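K.L.:
pasted the sequence and its predicted model underneath.
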Amino acid sequence: METGEKINKGLKALEEKVFTQDLCAICGACLSLCPYLRSWKGRVVKLDDCNLEEGRCFAYCPRTKIDLDEVYQGIFGKNYEEIEVGPVRKIMMARAKDPLFTKKAQTGGVVSALIDFALREKMIQAGILTPRDGDLLPHGQIIKGRKEILSCAGSSYVSGPTLEALNRGPWKGGERIGIVGLPCQVLALARMKTSKLEKKTPIDRVALVIGLFCTWALDYIPFMAFLHERVDGHSIKKLNITPPPERILEVTAGNKLYRISVDDIRSFIRPSCRVCLDMTAELSDLSVGTVEGKEGWNTVIIRTVVGENFLKRAKKAGVIETQPLPKDNLSHLKEASLLKKRRALDTLNENGGIEKAYFTLSANLIKRILSESKGIAT
Amino acid sequence: MKSIAQNAPGKTVLLMGNEAIARGALEAGVRVCAAYPGNPSSEIIGTLAKVAEEMGLHVEWSINEKVALEVAAAASFAGLRGLCAMKQNGLNVASDFLLNLNLTGCRGGLVLVVADDPAGVSSSNEEDSRHFAKMGDLPLMEPANFQEAKEMTKLAFKISEELELPVLIRSVTRVSHARGNVRLDELPQSSPKPRFDTSRALTAFPALPNHKILHERFNRAKKMFEESVFNFYRGPERPELMVVTCGSGWMYSLEAAINLNVQDRVGILKLGTTWPLPENFVLKHLKQADRVLFIEEVDPFLENNVKEIYAQNCLVLGLRAFFGKASKHIPDVGELNPEIVSHAIQNLLNISYEPRPAEYALRAHESTAELVPARALGFCAGCPHRATYWAIKVALTLDGRDGFVLGDIGCYSLGMGPSGFGQMKTLHAMGSGTGLACGLGQLNRFGLEQPVIAVCGDSTFYHAAMPALANAYYNGANFLLLLLDNSATAMTGFQPHPGTGYTAIGSEAPVIDLKAICKVFGAHVEVVDPFDVATTVETLLRLLQKEKGVKVLILKRECALVSAKHQKRLYQVEVDQELCLGESCGCNRLCTRIFKCPGLMWDQAAGKAHIDEAICTGCGVCAEICPGSAIRKEKA
């Protein structure tokens, strides 16, 4: 390369390296920053060219070149080295005590109960959650009350541009914000926090990040087209995947329940998910997921001091109850998480090599992931 | 200028070519004048509309050129004199009627003026309308200056009555739109009472005897033209080069010959009656020179027809060399000018001549080039079409299925270029956007997945898109038609149409409601204001999702130039210099780099956008798109 020639770190590069490679995770970090990017039906769309050499869109994206050590240093003060489930202070099972949350939620209702608590305790003044519109299309929304929280419970197995709500506001200024996000969104938040670019967004007021476990998300348009062909013209009300070993997608449409094998929808998994290293939202304050075989409970991983103190308060206030996570479940969790990392590395290898991946990872760590994931049943 | 209708015989006035044609019609006692506007013909009927009441005429902007010709012909059928005017494309529309009218003949004098637009400066195409005269065996005359424009028009009515045939007059932009001195003659004081003669039907059927009658009339025209004062020769007895020319070519040829100082070597045969050609007159002059150069705009019409006469008589004439478009001495497309003619003559006579010393030309260019600001062909400040295409661009990009816009004729044809963000992908005849959509809207059955959009202006809709819309519903086509209703035939000079509520002469008229028509034609119809960009985008996206049937979205907002005449500006717009993000991440000059309304300026030194107060019309659309909320609009 000629000296002095600048490497583009703007929209042009984002388009080349992410959009055209079909790597967008639709996290929303690049949206509502400028007039050139908009989301539409589960896709980020470029409306016009922007010729800036450096842009926040590129800097915040969880799929542009990321130095993982730099990001983990920025959040945890240490390198990317805990290859199983990321940095951990404590792991436990938990569930909400108020049936209001458990009734509506897919598992233990912990996330809804915690956000509700954080708002009531004025630890945060706004939450950013991901409700779905009438067509099950998820979007980010600023929420301030219990009713709105409950409307966000559940999942449509499609990711949405949650972080757009953070960029878009409107903000009065001064609000502390709590965000519930998928691993890609939590990574984008960490990038926003650690970015050296002028921010103009309230990222520094994000006081609580709750991460959600995620194995994959589906591409909205083809997935919905697939579903609509199978529900006899009814409008779809609810989606639910039954726990393993059954793994059936239950579609509530009209007054009927349609059952579809999860294997039939795997082709709609976003390519971006296939190269994702993170199942447990490692860059959060605390992460929440299911517990295999224990209906009505959540797995909770506490990662930061903020997360730990917050959970203590919630427990003390009787918002949640906890139990130790059984050993078998812990090892299952670690295996599943490692398996996601290994699958991502395998996919990257098939697509032209890990060295071309969106993250930098030492050869040693790659070796460890591959060897430690050996023998895990897929 | 004093009224075109002044009765001042002998007085010389400065007239535009189209005004001279209008005056010629008045002097001929025309009673009914009809047209559909189209550059460069529009001022003919526009001028007559202004004096319609004073002169007791019926003047109308008809819905399209075919109807206009029918209206003028109807006057002729009832024994009155009728005038019809149109541009070259218009004759394509009217040709079906014209090529029956030649066989039925007419009664009162009927003159059809067709103003061609060489180079297609303000047209979708470049076309030579003279071929229609040949196709229909109809007399054709071409004025070369302003006096001729008036005299020929006047004479054309008389010839038309004598031959019982419509007479065509072909003008071109530089004759229609330039101005010159015209000596006026008397205006007639009386006109016959109209009556339709029911004793003889006017029908082309049976075609054979009528075709024979047409040929007889045609031969009479040929004889008549042998004596025409509009055909003459100027030059030496035995010129080295004979220039044969007509229309605008006459002035160019004359100027070239004078500049080159070759009037003793070059003769100019100027023809005013170009179909049928006065064969004997042409032959007489072909005898004078061995080398012949043709100068005419658009197609080699004279060139080929004179060569045909020569071929018939070559044994008598002997060898002749012909130069022109076929020999590539004259470009075969575009307008002519004295320089092009001069080059051809220099080339053929082997003369070196430099109109301007090269050094002077260079200096002139250098010292003036930067005085002329570079301006792209684009929409006016505050034009609703810019807002419309912006919304189309956003909606189609978001939709993501590579949808596209089928274009039509009007200001919005500029949607092809940067001003319309390159959204329009086809452009043909009036109404063709909707017609093409009827076809593309059938292709989903073969697997076409792209959404189909047609755009059409209000005037164009009445003109030619209504049958296409009816067809769409009848045959079950799936597309979205955007009716860009700016309440004017804006591109040709704001002529009224059936949707405007007034007529060519300014009197009140019933309004034909676009929305109601579209509903009757079975379309799902919605109306938005394109200045409300967010709602327009949302509506477009929603309608694009509707798969079946014809959807019509009327984008209603008056032409900015029309609004400016009767209404104060909507908003006072300003850019808050503190809030303007300029080139920084978050904006990067959206308003001046992408949206590009001419009312917005970029201050390089300050790195901020500004409103150009002199140009801004206060539409407020830029305030809607500004990402930094820096552009503020306040109700003016």
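P.N.:
Noted; the coordinates are in hand.
K.L.:
what's the closest non-adjacent residue to the closest residue to chain B within the stretch 151-300 of chain A?
P.N.:
As assessed by C-beta to the nearest C-beta, chain B sits closest to residue A:200 within the stretch 151-300 of chain A, at 6.4 Å. The C-beta positions use only the backbone N, C-alpha and C, and glycine is treated the same way. Nearest residue to residue A:200, sequence neighbours excluded (C-beta to C-beta, 6 or more residues apart in numbering or on different chains): residue B:586, at 6.4 Å.
K.L.:
and for residue B:608?
P.N.:
Nearest in space to residue B:608, with sequence neighbours left out and distances taken as C-beta to C-beta, 6+ apart, is residue B:580 at 4.4 Å.
K.L.:
and for residue B:540?
P.N.:
Excluding its sequence neighbours, the residue lying closest to residue B:540 (C-beta to C-beta, 6+ apart) is residue B:395, at 3.7 Å.
K.L.:
what sits against the one you found?
P.N.:
For residue B:395, the contacting residues are B:537, B:540, B:541, B:544, by C-beta atoms under 8 Å, 6 or more residues apart in numbering or on different chains.
K.L.:
how about those residues in TSV, adding secondary structure, neighbour count and distance to residue B:96?
P.N.:
Listed next are the contacts of residue B:395 as TSV, based on DSSP: H, G, I helix; E, B strand; the rest coil; neighbours: other C-beta atoms under 10 Å in any protein chain shown; distance: C-beta to C-beta, whole Å:
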residue	secondary structure	neighbour count	distance to residue B:96
B:537	helix	19	41
B:540	helix	28	36
B:541	helix	17	41
B:544	helix	19	36
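K.L.:
just the closest of those to chain A, please.
P.N.:
residue B:541 (7.7 Å).
K.L.:
was I right about the closest one contacting residue B:398?
P.N.:
Yes: counting by C-beta atoms under 8 Å, residue B:398 is a contact partner of residue B:541 at 6.3 Å.
K.L.:
shared neighbours, those two?
P.N.:
With C-beta under 8 Å, 6+ apart, residue B:541 and residue B:398 have common neighbours residue A:40.
K.L.:
next structured bit after the helix or strand hosting residue B:393?
P.N.:
If you go by DSSP states H and E, residue B:393 is part of helix B:384-399. Going down the chain from helix B:384-399, the next helix or strand is strand B:404-406, by DSSP H and E.
K.L.:
helices or strands next to that next one in the packing?
P.N.:
Counting contacts by 3 or more C-beta pairs under 8 Å, 6 or more residues apart in numbering or on different chains; DSSP states H and E, strand B:404-406 is packed against helix B:384-399, strand B:424-426, helix B:432-440, strand B:452-457.
K.L.:
what strands flank it, and is each parallel or antiparallel?
P.N.:
strand B:424-426 (parallel), strand B:452-457 (parallel) (DSSP bridges).
K.L.:
so which of those is the most packed in?
P.N.:
strand B:452-457 (a mean of 29; mean count of other C-beta atoms under 10 Å in any protein chain shown).
K.L.:
what angle separates it from helix B:432-440?
P.N.:
160 degrees (axes from the mean of the first three to the mean of the last three C-alpha atoms, to 10 degrees).
K.L.:
got the contact list for strand B:452-457?
P.N.:
Counting by C-beta under 8 Å, 6+ apart, B:388, B:392, B:396, B:403-412, B:415, B:424, B:431, B:433-434, B:436-437, B:440-441, B:465, B:478-486, B:489-490, B:544 sit against strand B:452-457.
K.L.:
would you mind measuring from residue A:134 to chain B?
P.N.:
For residue A:134, the distance to chain B equals 13 Å [C-beta to the nearest C-beta, to the nearest Å].
K.L.:
what is the burial count for that residue?
P.N.:
8 (other C-beta atoms under 10 Å in any protein chain shown).
K.L.:
what sits up against stretch B:417-427?
P.N.:
Against stretch B:417-427 from outside (C-beta under 8 Å, 6+ apart): B:124, B:376-379, B:385-386, B:389-390, B:392-393, B:396, B:404-409, B:412-416, B:432-433, B:436, B:455, B:594, B:596.
K.L.:
do the same with stretch B:324-331
P.N.:
B:293-296, B:299-300, B:303, B:323, B:332, B:336, B:340-341, B:344, B:347-348.
K.L.:
put the alpha carbons of that stretch into CSV.
P.N.:
Output of stretch B:324-331 as CSV, limited to C-alpha atoms (Å, rounded to 0.1, in the frame of the first residue of the first chain):
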residue,chain,number,x,y,z
GLY,B,324,-25.2,16.7,-47.5
LYS,B,325,-26.0,14.3,-44.8
ALA,B,326,-25.4,11.2,-47.0
SER,B,327,-21.9,12.4,-47.9
LYS,B,328,-21.3,13.4,-44.2
HIS,B,329,-20.6,17.0,-45.1
ILE,B,330,-23.5,17.9,-42.8
PRO,B,331,-24.1,16.1,-39.5
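K.L.:
quick check: mean pLDDT across that stretch?
P.N.:
Averaged across stretch B:324-331, pLDDT comes to 98.
K.L.:
buried sites along that stretch?
P.N.:
The neighbour-count check on stretch B:324-331 (16 or more other C-beta atoms under 10 Å in any protein chain shown) flags B:324, B:325, B:329, B:330 as buried.
K.L.:
endpoints of stretch B:321-336, how far apart?
P.N.:
22 Å (C-alpha to C-alpha, to the nearest Å).
K.L.:
er, stretch A:201-214 I mean
P.N.:
Using C-alpha to C-alpha, first and last residues of stretch A:201-214 are 26 Å apart.
K.L.:
name the nearest residue to the residue of chain A with the smallest separation from chain B, ignoring sequence neighbours.
P.N.:
Nearest to chain B, among the residues of chain A, is residue A:40, at 3.9 Å (C-beta to the nearest C-beta). Take residue A:40 and drop its neighbours on the chain: the residue closest to it by C-beta to C-beta, 6+ apart is residue B:398, 3.9 Å away.
K.L.:
show me what from chain A comes close to chain B.
P.N.:
Neighbours of chain B within chain A, by C-beta under 8 Å from any C-beta of the partner chain: A:10, A:33-36, A:38, A:40-41, A:43, A:45-48, A:50-52, A:54-56, A:197-198, A:200.
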